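Undergrad: Pasted the sequence and its predicted model underneath.
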Amino acid sequence: MHAQSDSKTDSGPSANDVSELHNASVDEGAARQGACAQVHLPTGAMCTLRHGHEGSCQFSPAGQVDTLLARRKTAERW
Ligand SMILES: [Zn+2]
């Protein structure tokens, strides 16, 4: 007897984790102001473009997002 087949059907981590992760990658405060607010988790940088903007996200350093957001809102009349 050898090679025990280890074919247990283990239902691993469910897909629930995905939505949680998605929530964590959006800055709620900035999103409420109308920003895209996608956060690049590895660096903490955030996209300060308008929500629903075209093209890819433009990530700015976390320390600058407030300034950039305010400036953009004024310039583009959000
Ligand atoms: Zn974006």
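TA: Thanks, I have it. Worth saying up front: this structure is predicted, and the values here are computed from it rather than measured.
Undergrad: Stretch 37-51 and the ion in contact?
TA: Yes. Applying CB under 5 Å from the ion, one finds stretch 37-51 in contact with the ion at Q38, C47, L49. Backbone N, C-alpha and C define where each C-beta goes, glycine included.
Undergrad: just the residues you listed now: which is nearest E28?
TA: The shortest gap between E28 and any of the residues of stretch 37-51 next to the ion belongs to Q38, at 12.0 Å (CB to CB).
Undergrad: you'd agree that closest one is up against S25?
TA: Yes. Counting by CB atoms under 8 Å, Q38 sits close enough to S25 to count as a contact (6.2 Å).
Undergrad: Which one's more surrounded, the two?
TA: Q38 (22 against 13; other CB atoms under 10 Å).
Undergrad: quick one: low-confidence parts of the chain?
TA: Within the chain, the ranges that satisfy pLDDT under 70 run 1-24.
Undergrad: Alongside the ion, which residues does it contribute?
TA: That would be C36, Q38, C47, L49, C57, which are the residues of the chain within reach of the ion (CB under 5 Å from the ion).
Undergrad: what about 8 Å?
TA: With CB under 8 Å from the ion as the criterion, the chain meets the ion at residues A35, C36, A37, Q38, C47, L49, H51, H53, S56, C57, Q58.
Undergrad: tell me the contacts of the last one?
TA: Taking CB atoms under 8 Å, 6 or more residues apart in numbering as the contact definition, Q58 lies against C47, T48, L49.
Undergrad: Which single one of these is nearest to the ion?
TA: The shortest approach to the ion among the contacts of Q58 belongs to C47, at 3.2 Å (CB to the ion).
Undergrad: quick one: contacts for that closest one?
TA: Shown here is C47, whose contacts under the criterion CB under 8 Å, 6+ apart are A35, C36, A37, Q38, V39, H40, H53, C57, Q58, F59, S60.
Undergrad: check contacts around the second one.
TA: Contacts here follow CB under 8 Å, 6+ apart; on that basis C36 touches C47, T48, L49, R50, H51, G52, H53, C57.
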